[in-house]
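Chemist: what shape does this take:
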Amino acid sequence: MIAVRGPAPRRPSAGRPRATGSAVDRRLRALPGRAWARWAWLRAAAVVVVALVAAGTAMGTAGATTASVGPVDARLVLQPSLTGGTQVQVPPLGELSLATHDGPLRLRVEVEGLRLPEARSLLARGATAASVGEELSRDVRGALVALAVRSVLVALAAAAVACLLVFRRPRAVLVGTGAVLVVLLASGGVAAATADSRALAEPRYSGLLTRAPALVGDLTSVGSRFTAYQTRVAALTGSVSRLYSALSGLPAGAAAGDDDVRVLWVSDVHNNPEAYRLMATLVQEFDVAGVVDTGDSSDFGSAAETALLAPMASLGVPYLWVRGNHDSSTTQAAVAALGEETDGRVQVLDDGATAEIAGVRFAGTGDPRFNPSSLVRNEAAREQLTVAGEALGRSLDASAAAGEPVDVALVHEPPMALPLVGRVPLVLDGHTHQRAAAVDGGTLLLTQGSSGGAGLRSLVDGEPTPLQMSVLHFSASDGSLLAVDDVTVGGVGLDSATVERRTAASYREESGAPEEEPELEEPAEPTGGVTGPDGAPAFTPGGTDVPPLPTDPGAPVVPTPSTSPS
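Modeler: The predicted structure follows:
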């Protein structure tokens, strides 16, 4: 027989892995050693990416757990995130956002239902806030432990399965699951290191309405559209505030419930009647003891506008008011007349006058200028504002010397607040239509946005401005500020409402010092064209030389920018 010999079988080259696995693997292993090493690094990176994607996807779906926290049934899930934090969904109203931690994982909680019998039982048995807090804390800890265990197991299992299906090698499974475990441990460490318990006392609640066209229907009148839209927004804010009041408490160690005094703070209403409707909702839902108003209730300070002030008297609680630069002496007299009609419930604070709301002592003074016309910078007026602030400061000193220290000072413009630093714990002002905060020594200075959404002018021109008000929480024992609930309701075309809480401590820790010379907008010339002997503008506090309204027949139009600060 003739033996036919074929080519001898090739032996694996030294230093190369044995040719096992898929055909692609076998072809790649045939590469030279240096190219194979580079491919090995790329392959390892691909394994890690596949494992992490599979783990993140599985955690967000199969990793969810359900738990009972008191009378509330909730679904908890961990999701990949760039910012971390916690989101609590409360369908259909919206969600509560809490900056509880940083890191690549976000805790998402979906409230699925409320067991009313258990909720009633919790209230009926007279449980204290401390005991309820301990009970809920135990439930939350148990739910988080169960969520963490389930999420880790689901993530590791998903990573292993994905690596096995894609790469078909046990080694890839070990690398992928190991990478996922390291990332999870690192994420947990970052979350623990950056955990901030204060975030629980400072939630941000947001809720959405249906789109405005579907809400208001086929309305062409600007006034009708505004009224219909804002009425629904006010109703939404009532629901938001009711839920917020029920779910949130004041910070740990602070007074709560009947021990805190709640005061509604508004500013720059500018003739918007919907602002008073929103005030009425918040007065009821937050159970406020009174309202403080830092001015600019009017636009032009005319007698025709005073009828729009009547809702101040219908809120049923004390209403303290200081004059703004859009409010004339006619405006102030109308507010004072409301005080006579309500036996002093509505009160004008001017020239350092003081008043109390549930034991919290307020003092205020009106804006020394009356200038509802076009705006330019004028340093001469800054001195007037400073002088007015210094006069109020002397009144504060006198009250303190008499044994009746003031807790809160009310002014309209930020430059008036600077002389009060060190003389009072809290100063409230407005004018700029933008919220702001500053701290100097022991004095906290807060600036309110426009509670009237810059007024009805926003219907005619410019971008919509939200309605902004705040509920201030004071200690009933010493009148100190505990927390602030900032309420923001979207203006025309903006269909949102938010309630955001900040503690007084966070303001003091996070706010910078006030500007030595806050930006000042002044009229190009004083109302009525009045000038002093040197030709410089002359201003009359609460002046009565009111320009004619644009709607008066034959009257010139007064230039009033719709989106500029007052």
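Chemist: and the pLDDT at the closest residue to Gly301 other than its chain neighbours?
Modeler: Closest residue in space to Gly301, ignoring its immediate chain neighbours: Ser328 at 2.9 Å, by Cβ to Cβ, 6 or more residues apart in numbering. Quick note: C-beta positions are derived from backbone N, CA and C, even for glycine. Here, the pLDDT recorded for Ser328 equals 91.
Chemist: what about stretch 266-274, start to end distance?
Modeler: Stretch 266-274 has an end-to-end distance of 13 Å (Cα to Cα, to the nearest Å).
Chemist: and it, what's buried?
Modeler: Going by neighbour count (16 or more other Cβ atoms under 10 Å), the buried part of stretch 266-274 is Val266, Ser267, Asp268, Val269, His270, Asn271, Asn272, Glu274.
Chemist: the third one touches Ser298, doesn't it?
Modeler: I take that to be Asp268. No - Asp268 is beyond contact range of Ser298, at 10.3 Å (criterion: Cβ atoms under 8 Å).
Chemist: common neighbours of these two, please.
Modeler: Gly324 (Cβ atoms under 8 Å, 6 or more residues apart in numbering).
Chemist: can you give me the neighbour number for Gly324?
Modeler: 32 (other Cβ atoms under 10 Å).
Chemist: can you pull the contacts of it?
Modeler: 267-268, 294-298, 366-367, 412, 430-431, 566.
Chemist: now swap in Val140 and tell me
Modeler: Contact analysis of Val140 by Cβ under 8 Å, 6+ apart lists Val69.
Chemist: list the buried residues for the host helix or strand of it?
Modeler: Element membership for Val140 (DSSP states H and E) is helix 129-167. Buried residues in helix 129-167, counted by 16+ other Cβ under 10 Å: 139-140, 143, 147-148, 150-152, 154-163, 167.
Chemist: just stretch 272-287 next, same as before
Modeler: For stretch 272-287, by 16+ other Cβ under 10 Å, it's 272, 274-283, 285-286.
Chemist: is Gly430 in a helix, a strand, or coil?
Modeler: At Gly430 the chain is in strand, as set by DSSP: H, G, I helix; E, B strand; the rest coil.
Chemist: re the thing from before, quick check, nearest of the contacts of Gly324 to Val487?
Modeler: For the contacts of Gly324, the residue nearest Val487 by Cβ to Cβ is Ser267; the value is 12.9 Å.
Chemist: ok, and the closest non-adjacent residue to the closest one?
Modeler: Gly430 (3.0 Å).
Chemist: OK, contacts around that neighbour?
Modeler: By Cβ under 8 Å, 6+ apart, the neighbours of Gly430 are Ser267, Asp268, Thr294, Gly295, Asp296, Gly324, His412, Glu413, Thr447, Gln448, Gly449, Ser450.
Chemist: secondary structure for these - can I get that in TSV?
Modeler: Below are the contacts of Gly430 laid out as TSV (three-state DSSP):
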residue	secondary structure
Ser267	coil
Asp268	coil
Thr294	coil
Gly295	coil
Asp296	coil
Gly324	coil
His412	coil
Glu413	coil
Thr447	strand
Gln448	strand
Gly449	strand
Ser450	coil
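Chemist: which residue ranges of this protein form helices?
Modeler: For the chain, the helices defined by DSSP state H cover 23-29, 33-61, 116-124, 129-167, 170-194, 212-216, 222-247, 273-285, 329-341, 379-401, 414-417, 504-510.
Chemist: rank these by mean pLDDT and give me the bottom one.
Modeler: Note on the helices of the chain: helix 212-216 shows the lowest mean pLDDT, a mean of 30.
Chemist: return the backbone torsion pair for Gly85.
Modeler: Phi and psi for Gly85, reported as degrees, to the nearest 10, are phi 90, psi -180.
Chemist: wait, it sits on Leu105?
Modeler: No - if you go by Cβ under 8 Å, Gly85 and Leu105 don't touch, sitting 9.6 Å apart.
Chemist: out of those two, which sits in the busier spot?
Modeler: Leu105 (22 against 19).
Chemist: ok, the nearest residue to Arg394 once chain neighbours are set aside - contacts?
Modeler: Distance criterion Cβ to Cβ, 6+ apart; nearest residue to Arg394, sequence neighbours excluded, is Gly352 at 7.5 Å. Contacts of Gly352 were listed using Cβ under 8 Å, 6+ apart, and they are Ala363, Gly364, Thr365, Ala391, Leu392, Arg394, Ser395, Leu396, Ala398.
Chemist: before we move on, what about Gln332?
Modeler: Contacts of Gln332 were listed using Cβ under 8 Å, 6+ apart, and they are Arg323, Val348, Asp350, Gly366, Gly542.
Chemist: can I get the residues you listed in JSON lines with pLDDT?
Modeler: Below are the contacts of Gln332 laid out as JSON lines (pLDDT from 0 to 100):
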{"residue": "Arg323", "pLDDT": "96"}
{"residue": "Val348", "pLDDT": "96"}
{"residue": "Asp350", "pLDDT": "95"}
{"residue": "Gly366", "pLDDT": "95"}
{"residue": "Gly542", "pLDDT": "42"}
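Chemist: right, and out of these, which lies closest to Ser314?
Modeler: Distances from Ser314 to those, taken by Cβ to Cβ, are shortest for Val348, at 17.5 Å.
Chemist: that closest one against Val322, yeah?
Modeler: Yes - with contact defined as Cβ under 8 Å, Val348 counts as touching Val322 (7.5 Å).
Chemist: who touches both of the two?
Modeler: Gly366.
Chemist: correct me if wrong: Gly301 contacts Pro372.
Modeler: Yes - using Cβ under 8 Å, Gly301 is in contact with Pro372, at 6.0 Å.
Chemist: which of the two has more neighbours?
Modeler: Looking at Gly301 and Pro372 with other Cβ under 10 Å, you find the greater number of neighbours at Gly301, namely 30 against 25.
Chemist: can you report phi and psi for the more buried one?
Modeler: Dihedral angles (degrees, to the nearest 10) for Gly301: phi 70, psi 20.
Chemist: from here on, count from 31
Modeler: Shifting the count to begin at 31 puts that one at Gly331.
Chemist: excluding sequence neighbours, find me the nearest residue to Val501.
Modeler: Spatial nearest neighbour of Val501, chain neighbours left out: Asp515 (4.1 Å); criterion: Cβ to Cβ, 6+ apart.
Chemist: just give the number of residues close to that neighbour.
Modeler: A total of 24 residues lie near Asp515 under the criterion other Cβ under 10 Å.
Chemist: where does pLDDT dip in the stretch 381-530 of the chain?
Modeler: For the stretch 381-530 of the chain, residues meeting the criterion pLDDT under 70 lie at 403-409, 484-494, 520-526.
Chemist: so Val378 and Val352 - more neighbours on which side?
Modeler: Counted by other Cβ under 10 Å, Val378 and Val352 do not tie: Val352 has more neighbours, with 32 against 23.
Chemist: pLDDT score for the more buried one?
Modeler: Confidence score, pLDDT, at Val352: 97.
Chemist: quick one: residues contacting it.
Modeler: Val352 makes contacts with 323-325, 378-380, 394-397, 440-442, as judged by Cβ under 8 Å, 6+ apart.
Chemist: re earlier: so which of the contacts of Gln362 is the most crowded?
Modeler: For these, the largest number of neighbours (other Cβ under 10 Å) sits with Arg353, at 32 neighbours.
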